[in-house]
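> How does the following fold in three dimensions:
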Amino acid sequence: MANDFQRRDFADDDDLAPAFADWTAEKLSAAIAERGAVLFVVSGGKSPAGYFRALSTMPIDWTRVSITLADERRVPDDSPRSNARFVRETLLRNHAAAATFIPLADARLSQDQELAAASARVANLPLPADLVVLGMGDDGHTASWFPGAEGLTEAMDQGSRQLVAPIQAPDAPEPRLTLTGRVILRAQSIALLIEGQDKMNTLAKALGEGPTETMPIRAVLRRAADKLTIFAAKRA
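Reported below is the predicted structural model:
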């Protein structure tokens, strides 16, 4: 049920980022102690920047952490729209520079080759993911699960045969790759980062009645809420 999740509210990103980083460090350190090698799935966009910078200073054993992305655009690695570039510039620094980063996409390959390569890389990671950090768009999308996207139902499916799915979001300038519900919804823990009143309003709407396909974040809220912690800030 959607009300099974935990929620932590903050005034703004300056308050949220260090608290979220501390919480993440505790989760990853506990997983390292239990499993030895852990998988941490992160998201791009602008919202995680402060959180990533705070997290990069956490003195955990980053040599045991593998990091990959929840989704990625098919753009060159140095593009300003690359989630991999964003993660390298904000998270993979300080202590976190010792982590192993596995990009999701490689736009130098054909689309079929890229999907096959991404699927193989994810299959070789220490699944299930110990922690997945998601964001949410004003339209209710998360990862690259976009309303109206071709292949959305399969991408959101917890029982999907695929680990990675190709997605072409309506009106998006480039195609994308996204982890499927088989990876995201089966994670040991999931965190959802919400910043700003507009996204708070979107979250409130997503918690209401309506089909998952029109607001794909509902797939997380309804199918994995017992694993979910929401970190919300009224002001970005």
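
> Break down this structure into its strands, ranges please.
6-12, 38-42, 65-69, 71-73, 100-102, 131-134, 164-167, 176-179, 190-195, 228-235 (DSSP state E).

> With respect to Trp145, which of those strands lies nearest?
Closest to Trp145 of these is strand 176-179 (Cβ to Cβ; 6.5 Å). Just so you know, the C-beta spots here come from the backbone N, C-alpha and C atoms, and that holds for glycine as well.

> Tell me the strands beside the closest one, with direction?
Sheet pairing for strand 176-179, assigned by DSSP bridges, gives strand 71-73 (antiparallel), strand 164-167 (antiparallel).

> Can you give me the buried ones in that strand?
Residues of strand 176-179 classed as buried: Arg176, Leu177, Thr178, Leu179 (neighbour count, 16 or more other Cβ atoms under 10 Å).

> average pLDDT for that strand?
The pLDDT scores in strand 176-179 average 97.

> low-confidence ranges in the protein?
For the chain, the stretches with pLDDT under 70 are 1-3.

> which one's the longest helix in it?
As assigned by DSSP state H, the longest helix anywhere in the chain is helix 13-35.

> Can you give me the buried ones in it?
Buried residues in helix 13-35, counting neighbours by 16+ other Cβ under 10 Å, are found at 13, 16-18, 20-21, 23-25, 27-29, 31-32.

> what angle sits between it and strand 38-42?
Inter-element angle recorded for helix 13-35 and strand 38-42: 150 degrees (by axes from the mean of the first three to the mean of the last three Cα atoms, to 10 degrees).

> From the contact counts, what lies against helix 13-35?
Contact partners of helix 13-35 among helices and strands, from 3 or more Cβ pairs under 8 Å, 6 or more residues apart in numbering; DSSP states H and E: strand 6-12, strand 38-42, helix 49-55, strand 131-134, strand 190-195, strand 228-235.

> between the ones you listed, which gets nearest to Arg108?
With Cβ to Cβ as the criterion, Arg108 lies closest to strand 38-42 of the helices and strands packed on helix 13-35, at 22.5 Å.

> That closest one pairs with which strands?
Paired neighbours of strand 38-42 in the sheet (DSSP bridges): strand 65-69 (parallel), strand 131-134 (parallel).

> among the ones you listed, which is the most enclosed?
strand 131-134 (a mean of 25; mean count of other Cβ atoms under 10 Å).
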